[in-house]
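K.L.:
Output the structure for:
(one chain, ligands or ions: 2)
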Amino acid sequence: MYIVLEGIDGAGKSTQITVLKQWLEDSGIEVETILEPTDSDVGVLIRKMLQDPNATKENFQKALGLLFAADRLMLMDKIDNEEYCNKVIISDRSFYSSLVYQKPKDWITEINKFAKQPDLVLLLDLDVDLAIERCSGEDEFEKKSFLTEVKNNYLELAKEFNGNKNKFKNNNENINDNKNKFTIINANNGPKKVQSDIRKVVAPLLGFCVSELD
Ligand SMILES: Nc1ncnc2c1ncn2[C@@H]1O[C@H](COP(=O)(O)OP(=O)(O)OP(=O)(O)O)[C@@H](O)[C@H]1O
Ligand SMILES: Cc1cn([C@H]2C[C@H](O)[C@@H](COP(=O)(O)O)O2)c(=O)[nH]c1=O
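P.N.:
Ligands and ions are numbered 1, 2, ... in the order given. All right, here's what the predicted structure looks like:
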């Protein structure tokens, strides 16, 4: 199973993935975690570029979109690898981040058409002012106006996706229509409440009944 946590900078993705991984492993489930951008040469280049004052400019963003797509493609063998088929893969970000941080959407969708569709997307929805308080401010994206636009893009994407599951069907995955694939989690709560809300969504997909939730 391929689970993705999405959200603006500072939403709490890394924090929640660490706790979720430990809970699942304590429950006897093998878990692999992924972080986008990766620590590959492409990922290192991306992180350097994110600090460039021009990072939000149109052509710079298009170049970033290509680099994120390339960095992501190298992950696909890992995600599709048979040794992972019996594991839960939890990823900190996915091609949905490219859809909401970069543009135009149709081009971003095209250059990511070989990216695997997650089985579940958990959108950690955080107030932008809280995000700015939590971020270091080193990255050019960590600005209130830009993160406000990204947050709105996420919420629009969730509305579109849950309203029309076939919209993002690509050529290597069928959208399973009986899942609410883009679940919004209120990330303004404390870490334990956020984790509890996440477990209530993840548990049924893994065959856990709610009473097993500690
Ligand atoms: N629910 C929460 N309440 C208060 N602080 C939180 C909460 N979750 C995370 N934090 C704090 O906010 C900061 C950012 O958390 P974290 O690194 O998990 O976010 P992130 O979404 O992975 O960020 P980024 O996308 O920028 O890497 C950390 O200092 C973390 O301790
Ligand atoms: C995968 C991906 C990420 N980004 C942006 C989002 C963040 O501002 C940075 C780094 O991510 P982190 O969670 O802070 O480590 O990269 C993006 O613009 N497009 C993407 O596809």
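K.L.:
any bit of stretch 61-78 sitting next to ligand 1?
P.N.:
No: Stretch 61-78 stays clear of ligand 1 (Cβ under 6 Å from any ligand atom), getting no nearer than 13.8 Å. Yep, even glycine has a C-beta here, placed from its N, CA and C like the rest.
K.L.:
Please point out which parts of that stretch sit buried.
P.N.:
The neighbour-count check on stretch 61-78 (16 or more other Cβ atoms under 10 Å) flags 61-62, 64-65, 67-69, 71-72, 75 as buried.
K.L.:
From ligand 1, how far off is N59?
P.N.:
From N59 across to ligand 1, the span is 24 Å (Cβ to the nearest ligand atom, to the nearest Å).
K.L.:
Distance of that residue relative to ligand 2?
P.N.:
Using Cβ to the nearest ligand atom, one obtains 15 Å as the distance from N59 to ligand 2.
K.L.:
Around that residue, how many other residues sit close by?
P.N.:
Using other Cβ atoms under 10 Å, N59 has 8 other residues around it.
K.L.:
That one: which element?
P.N.:
helix 58-80 (DSSP states H and E).
K.L.:
packing partners for that helix?
P.N.:
Other elements packing on helix 58-80 under the criterion 3 or more Cβ pairs under 8 Å, 6 or more residues apart in numbering; DSSP states H and E are strand 31-35, helix 41-49, helix 95-101, helix 105-111.
K.L.:
Buried ones in the helix or strand following the last one, by neighbour count?
P.N.:
So that's helix 105-111. Next in sequence after helix 105-111, counting helices and strands by DSSP H and E, comes strand 120-125. If you call a residue buried by 16+ other Cβ under 10 Å, then strand 120-125 has these buried ones: 120-125.
K.L.:
Run me through the strand neighbours of strand 120-125, direction for each.
P.N.:
Sheet partners assigned to strand 120-125 using DSSP bridges are listed as strand 2-6 (parallel), strand 182-186 (parallel).
K.L.:
pLDDT averaged over that strand, what's the number?
P.N.:
Across strand 120-125, pLDDT averages out at 97.
K.L.:
And it, how far out from the chain middle?
P.N.:
Computed by Cα atoms, centre = their mean, to the nearest Å, the chain-centroid distance of strand 120-125 equals 7 Å.
K.L.:
ok, how many other residues are close to Y154?
P.N.:
Residues lying near Y154 (other Cβ under 10 Å) number 25.
K.L.:
next one: the one 4 residues further on
P.N.:
Taking other Cβ under 10 Å as the criterion, the count of residues near A158 is 21.
K.L.:
let's number from 482 now, not from 1
P.N.:
Let's use 482 as the start, then, which means that last one is A639.
K.L.:
need the contact list for it.
P.N.:
Listed by Cβ atoms under 8 Å, 6 or more residues apart in numbering, the contact partners of A639 are 604, 663, 665.
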